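Enquirer: with the sequence up front, the predicted model follows.
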Amino acid sequence: MPRKEVKLIVAAQRAAEARRIVENQRGLIATLKAKGESTIDAEAMLQVYLSSLKLLEDHEQRIRKEREAKKKLYRTGKGEQ
């Protein structure tokens, strides 16, 4: 498997895991609110998780764009030099 494909798979897996973490944290916040407990720390952590998710999704998107650009380059015959 080409190296870029492996990088894309790993990036996609990491972004998916980050999305799961974000959803779990949102669930925790909802549970805390339902119990009338403080959500300050949980909400602060959610912001950290959301920042990390954004970075991971941006990285995955860059890899996808690079892959598509390379495919396009090879389709036009300019990448075979």
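Expert: Happy to help now that I have it.

Enquirer: now residue 61: how far from residue 70?
Expert: As judged by CB to CB, to the nearest Å, residue 61 and residue 70 stand 15 Å apart. For the C-beta atoms, the positions are set from N, CA and C on the backbone; glycine is no exception.

Enquirer: buried stuff in the longest helix along the chain?
Expert: Across the chain, the longest stretch assigned as helix under DSSP state H is helix 40-75. Across helix 40-75, burial judged by 16 or more other CB atoms under 10 Å covers 42, 46, 49, 53, 56, 57, 59, 60, 63.

Enquirer: wait, which of the residues you listed is closest to residue 21?
Expert: Set against residue 21, the nearest of the buried residues of helix 40-75 by CB to CB is residue 49 (5.4 Å).

Enquirer: my read is that that closest one contacts residue 19, right?
Expert: No. Taking contacts as CB atoms under 8 Å, residue 49 lies outside contact range of residue 19: 9.5 Å.

Enquirer: so what's the residue nearest to the spatial centre of the chain up against?
Expert: The centre of the chain sits closest to residue 15, judged by CA atoms, centre = their mean, with a distance of 2.6 Å. Residues counted as contacts of residue 15 (CB atoms under 8 Å, 6 or more residues apart in numbering) are 53, 56, 57, 59, 60.

Enquirer: what's stretch 1-12 in contact with?
Expert: By CB under 8 Å, 6+ apart, the list of residues contacting stretch 1-12 reads 56, 59, 60, 63, 64, 66, 67, 70.
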